[in-house]
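Trainee: Kindly generate the corresponding structure for this input.
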Amino acid sequence: MGAATSKRRGGSAAAVLDFAVAQILGDDTALGALPAVLARMVEAFGLRAALAFQPSGAQDPAVLAVHPPGAVDQALLARIGVVTAAGARARGEGAESPLVVTLDEQPGSVLLARSVPVGGQCLCALALVGETTDWDAEVRSTAHAVAAIVATQIRHANDMTALAERQALTRALITGAPIAVLAMDADGLLIEFNPAAERLSGYRRDEVLGQPLSEILVPERDRPRILEHISTYVATGNPEEFTGQIRVPTLHADGTERVAELTPVQITIGGRTIFTGFLRDLTEIERSHAELADQTERLNCLIASAIPGVLITDERGTVTNVSQSFGTMFGLDEPLAGTQGTQGASVLRRVAREFADPVRFARRAVAVLRARQPITGEQLTCADGRTVEWDYWPVLVDGRHRGDIWLAWDMSDRKALERQRIEVQRRLAEQNQRLRKLDEARNQFLAIVSHELRTPLTSIVSFSELIKGEADGLTPEGVKFLDIIERNADRLHRLVGDLLMLDRLEAGALPLDLAPVSVADLAAEAVRSAAAAAAKQGIAIEVSTGEGPLVAADHRRLMQVLDNLIANAVKFSHRNQRVLVTAGYDGRQWRIDVTDTGIGIPPEEAGQLFNRFVRASNARTAGLPGTGLGLSIVKVLTEMHGGHVGVDSTLGRGSTFSVCLPGPEAPQ
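Mentor: Prediction:
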């Protein structure tokens, strides 16, 4: 037996360990009981001193407790820190070899024992200072056990602190959410009701907690269905129709009903079913929709009764409005209501038969549609001798093609029709203005909805992460549901982010942070960033760059341009194909091409791809995901740099998207 055994005065190692367990586990932090435990070890093992500390890498250890106080000087503490760090690198955990020291000119040593690291950090280590260099196994195991017990209690205290912080964050998110957040248990009793829910319902939180939700917010006619759904979900786990976003009527404290959008989330925590709902008041939006529908109906009545012939098609060429006079003028005998919803091209082919030269009219109509330029006052002779004057007006809102308007007059009474034409043009100008205002309102509505969705989406993700942090109480199906929530919330969050960013870019609210940028290095970096994800889909990305000057650009925004183009090329390519990224300078400008050999783009759609929400028809048919915003962002960012974008595609054989940036001497 070693000297540490022969000098024991305070009892066995088992007694020391029992004392340590009772003291440390009885203290919330473990630090308050440490001095007494160290004193017991000094007495029991005949030590000169005992030290508890946390290793700190290159710095001196952080002392947790020492007995007797002041027994370990700074020099010895520094040596202990160095040896502990070296031992961690060599072994990773466990007891250290004794550190030989001189005590009162006599040889002695320091026995080091560390707890198992948690997340790469040792939470507690012990240093026992004695006059021996031969420490027996019982002392070593006791020191290691005490260090482990202290570390366990520290970790428990840290976990409790983190849990309290997460709970405080959750409460802050619920309280500050701009939409109503409420929750009820399996008995239908309210257990959560945030301030936004108070504003929506007119009830105070303290009035409704513990009360049946069905009697507070649900109209009486819908209460049996809600109660039946709760019973069905608790019994079977089937959410029935209560999934996604649904419109529901809600009761206000004053007895009136409001229309709200409900996003229900059913979760199970520790075997307890919780029904959570996010409610957004749609009352004002519904009123706006009703007003818009009323205005649309008035416009339809105006068109139907118009004296000149009017034919209106939307951006897809589908007939949306046709006046009675148009049908009378061109012999459309069947009810005109049946014409709406058909293709405008088929109506024009039937109209062509009324002219003396049907082929000339058909060719002229095709040329006008392709040019999309206003035409006024053109005259054609009908087969029966009448002269018809016609106008064409493309409907453009913010530069986007939204439809076509065809007007036709029988020139038998030119003066009267001239006055009428002027009036119709005025009305059409007003209609265009209304359409622009409606489009502006739509953009503003999208921006508001995108902004308002960010907070509840963040709340959904936060709640999901919080619940998954307590996954021991979840069923595998519950974990699967949480994964679905997180994946779809993240997808919607990215869509909202794209919408907000595009609006800010177009509004000039995101200025460029210009600095010298190497286009070649930028292209190589973008390829490296995307290569791993592409490889998982069986697609290789190659890069080829030439030499050229630096350009004044925003590195982050240009990287976003290339990331979007490369991601599209990978998405629309087939497995085992490759994507090629090239960058070259021709003396005036840099040109970056991203080429794939994928599905390609229908030629008639290529010119619209850089507009908002536009996606190729074959991509939609193939079910490939996307929002139609990525290329809009690419176009805006490139033009902010003084450049331009382009696309060259062959259906079924692939596409090349090009970004051209002016060189340092080129005019912006």
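
Trainee: C-alpha coordinates for stretch 191-206, CSV please?
Mentor: What follows is stretch 191-206, C-alpha atoms only, in CSV (Å, rounded to 0.1, in the frame of the first residue of the first chain):
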residue,chain,number,x,y,z
ILE,A,191,-54.0,26.5,-21.7
GLU,A,192,-52.5,29.3,-23.8
PHE,A,193,-53.9,32.6,-25.0
ASN,A,194,-51.5,35.4,-26.1
PRO,A,195,-52.1,39.2,-26.4
ALA,A,196,-52.9,38.9,-30.1
ALA,A,197,-55.6,36.4,-29.3
GLU,A,198,-57.0,38.9,-26.8
ARG,A,199,-57.2,41.5,-29.5
LEU,A,200,-58.8,39.1,-31.9
SER,A,201,-61.4,37.8,-29.5
GLY,A,202,-62.0,40.7,-27.1
TYR,A,203,-61.4,38.4,-24.1
ARG,A,204,-58.6,38.7,-21.5
ARG,A,205,-56.2,35.9,-21.0
ASP,A,206,-57.1,35.4,-17.3
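
Trainee: what about the helices in the stretch 451-600 of the chain?
Mentor: For the stretch 451-600 of the chain, the helices defined by DSSP state H, counting those that start in this stretch occupy 476-506, 519-536, 555-571.

Trainee: between the ones you listed, which gets nearest to Gly663?
Mentor: Between Gly663 and the helices of the stretch 451-600 of the chain, the tightest spacing by CB to CB is seen for helix 519-536, at 9.7 Å. Just so you know, the C-beta spots here come from the backbone N, C-alpha and C atoms, and that holds for glycine as well.

Trainee: Tell me what angle that closest one forms with helix 555-571.
Mentor: Put simply, helix 519-536 runs at 40 degrees to helix 555-571, going by axes from the mean of the first three to the mean of the last three CA atoms, to 10 degrees.

Trainee: what's helix 519-536 packed up against?
Mentor: strand 540-545, helix 555-571, strand 578-585, strand 589-596 (3 or more CB pairs under 8 Å, 6 or more residues apart in numbering; DSSP states H and E).

Trainee: Okay, now the sheet partners of the first one, with direction.
Mentor: Each strand that strand 540-545 pairs with, and the sense of that pairing, follows from DSSP bridges: strand 578-585 (parallel).

Trainee: what comes into contact with the partner strand?
Mentor: Strand 578-585 is contacted from outside by 519-520, 522-523, 526-527, 534, 539-549, 562, 566, 569-570, 573, 590-597, 663, using CB atoms under 8 Å, 6 or more residues apart in numbering.

Trainee: picking that back up, do you know which of the helices and strands packed on helix 519-536 lies nearest Gly607?
Mentor: Going by CB to CB, the one of the helices and strands packed on helix 519-536 nearest Gly607 is helix 555-571, 16.6 Å.

Trainee: thinking again about what came up before, got the helices and strands packed on helix 519-536 as a markdown table, with mean neighbour count, distance to Pro249 and mean pLDDT columns?
Mentor: Output for the helices and strands packed on helix 519-536, formatted as a markdown table (neighbours: other CB atoms under 10 Å; distance: least, CB to CB, whole Å; pLDDT from 0 to 100):
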| stretch | mean neighbour count | distance to Pro249 | mean pLDDT |
| --- | --- | --- | --- |
| strand 540-545 | 17 | 52 | 94 |
| helix 555-571 | 21 | 41 | 90 |
| strand 578-585 | 20 | 51 | 94 |
| strand 589-596 | 22 | 49 | 95 |
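
Trainee: wait, which of these is closest to Ala164?
Mentor: helix 555-571 (36.9 Å).

Trainee: now the angle from that closest one to strand 589-596?
Mentor: 30 degrees.

Trainee: Looking at the helices of the stretch 451-600 of the chain, spot the one closest to Ala345.
Mentor: Among the helices of the stretch 451-600 of the chain, if distance is taken as CB to CB, the winner is helix 555-571, at 31.0 Å.

Trainee: Run the chain-centre distance for the closest one.
Mentor: 17 Å (CA atoms, centre = their mean, to the nearest Å).

Trainee: who's in contact with that helix?
Mentor: 512-513, 515, 517, 522-523, 525-527, 529-530, 533-534, 537, 539, 541, 579, 581, 592, 594-596, 598, 624-626, 630-631, 633-634, 637-638, 640-641, 655, 657, 659, 661.

Trainee: which of the residues you listed count as buried?
Mentor: 517, 522-523, 526-527, 530, 534, 539, 541, 579, 581, 592, 594-596, 598, 626, 630-631, 633-634, 637-638, 640-641, 655, 657, 659, 661 (16 or more other CB atoms under 10 Å).

Trainee: Can you point out the buried residues in stretch 246-264?
Mentor: 248, 250-251, 258-260, 262-264.

Trainee: Just name the closest of these to Val388, please.
Mentor: Val259 (48.6 Å).

Trainee: Identify the residues contacting Ala365.
Mentor: Ala365 neighbours (CB under 8 Å, 6+ apart): 348, 352.

Trainee: tell me which element it falls in.
Mentor: Using DSSP states H and E, the element containing Ala365 is helix 358-371.

Trainee: from the chain's centre, how far out does that helix sit?
Mentor: For helix 358-371, the distance to the chain centre is 46 Å (CA atoms, centre = their mean).

Trainee: Tell me the buried residues in that helix?
Mentor: Those would be 361-362, 364-365, 368-369, for helix 358-371 by 16+ other CB under 10 Å.

Trainee: repeat for stretch 634-651
Mentor: Buried-residue list, stretch 634-651, by 16+ other CB under 10 Å: 634-638, 640-643, 645, 649.

Trainee: Tell me the one among the buried residues of helix 358-371 nearest to Thr84.
Mentor: For those, the nearest to Thr84 is Leu369 (81.0 Å; CB to CB).

Trainee: report the longest strand in the protein, please.
Mentor: strand 257-269 (DSSP state E).

Trainee: So what touches the helix or strand following that one?
Mentor: Per DSSP H and E, the first helix or strand lying C-terminal to strand 257-269 is strand 272-281. If you take CB under 8 Å, 6+ apart as the criterion, strand 272-281 is touched by 177, 179-186, 191-192, 197, 200, 230, 233-234, 250, 258-268, 452, 456, 459-460, 463.

Trainee: Nearest to Gln420 among the buried residues of stretch 246-264?
Mentor: Among those, and counting by CB to CB, the member closest to Gln420 is Val259, at 42.6 Å.

Trainee: Without its sequence neighbours, what residue ends up closest to the closest one?
Mentor: Excluding the flanking residues, the one nearest Val259 by CB to CB, 6 or more residues apart in numbering is Leu282, at 4.6 Å.

Trainee: same check, this time on Val517
Mentor: Ala553 (4.4 Å).

Trainee: What is the neighbour count of the one you found?
Mentor: Neighbourhood size, Ala553 [other CB atoms under 10 Å]: 26.

Trainee: That one: what's it in contact with?
Mentor: Ala553 neighbours (CB under 8 Å, 6+ apart): 512, 514-515, 517, 641, 661.

Trainee: Mind checking which of those land in strands?
Mentor: 515, 517, 661.

Trainee: a markdown table for the residues you listed, including pLDDT and distance to Arg221?
Mentor: Shown next, in a markdown table, are the ones in strands among the contacts of Ala553 (pLDDT from 0 to 100; distance: CB to CB, whole Å):
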| residue | pLDDT | distance to Arg221 |
| --- | --- | --- |
| Ala515 | 92 | 64 |
| Val517 | 94 | 64 |
| Leu661 | 94 | 62 |
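
Trainee: now the residue nearest to Val259: how far from Gly202?
Mentor: 17 Å (CB to CB, to the nearest Å).

Trainee: More neighbours: the two, which one.
Mentor: More neighbours surround Leu282 than the other of Leu282 and Gly202, with 18 against 14 (other CB under 10 Å).

Trainee: The more buried one against Glu261, yeah?
Mentor: Yes: counting by CB atoms under 8 Å, Leu282 touches Glu261, with 5.3 Å between them.

Trainee: Good, wrapping up.
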